[in-house]
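# coordinates only, sequence not included:
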């Protein structure tokens, strides 16, 4: 069981539905990315600032498991946990939970790396320090 320490509340918008009346599978990546960005802001990291200094965080791999569909007007939370794996990877464990019935609808594992000039690098110390501090604060 993953210890999720961050949650972002969202709601399904009508234009996110496909012809079957469920959230289109590609939309879930937007939900997960938005929650990751909010999490990073919460722990004091700013993507624009890091980019301007030459450090880019990029998604290397994403695995999504669709368990139950989200429907029109569903309210839900995207939960986020993060761990550093090895010297260069961060693994974000995420899940979406519908508020009305607490059903886990979607699970994701996102691998991110830092790059400079198109080459992988060790994450900047401030990133590693912020993640470690967040993990220790809860």
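Happy to help now that I have it. What you are looking at is a predicted structure, and each value in this text was computed from that prediction instead of being measured.
# so who does residue 122 touch?
By CB atoms under 8 Å, 6 or more residues apart in numbering, the residues touching residue 122 are 87, 88, 114. For the C-beta atoms, the positions are set from N, CA and C on the backbone; glycine is no exception.
# hey, what's the last one bridged with?
Translated: residue 114. Per DSSP bridges, the residues bridged to residue 114 are residue 57, residue 121.
# was I right about it contacting residue 57?
Yes - counting by CB atoms under 8 Å, residue 114 touches residue 57, with 5.6 Å between them.
# ok, back up a step: quick check on the contacts of residue 122: which are buried?
Listed as buried from the contacts of residue 122 are residue 114; burial here means 16 or more other CB atoms under 10 Å.
# can I get the contacts of residue 122 in a markdown table with distance to residue 51?
Formatted as a markdown table, the contacts of residue 122 follow (distance: CB to CB, whole Å):
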| residue | distance to residue 51 |
| --- | --- |
| 87 | 21 |
| 88 | 18 |
| 114 | 11 |
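# and which of the contacts of residue 122 is nearest to residue 72?
Nearest to residue 72, judged by CB to CB, of these is residue 114 at 37.9 Å.
# and the closest one, how far is that from residue 136?
To residue 136, residue 114 is 21 Å away according to CB to CB, to the nearest Å.
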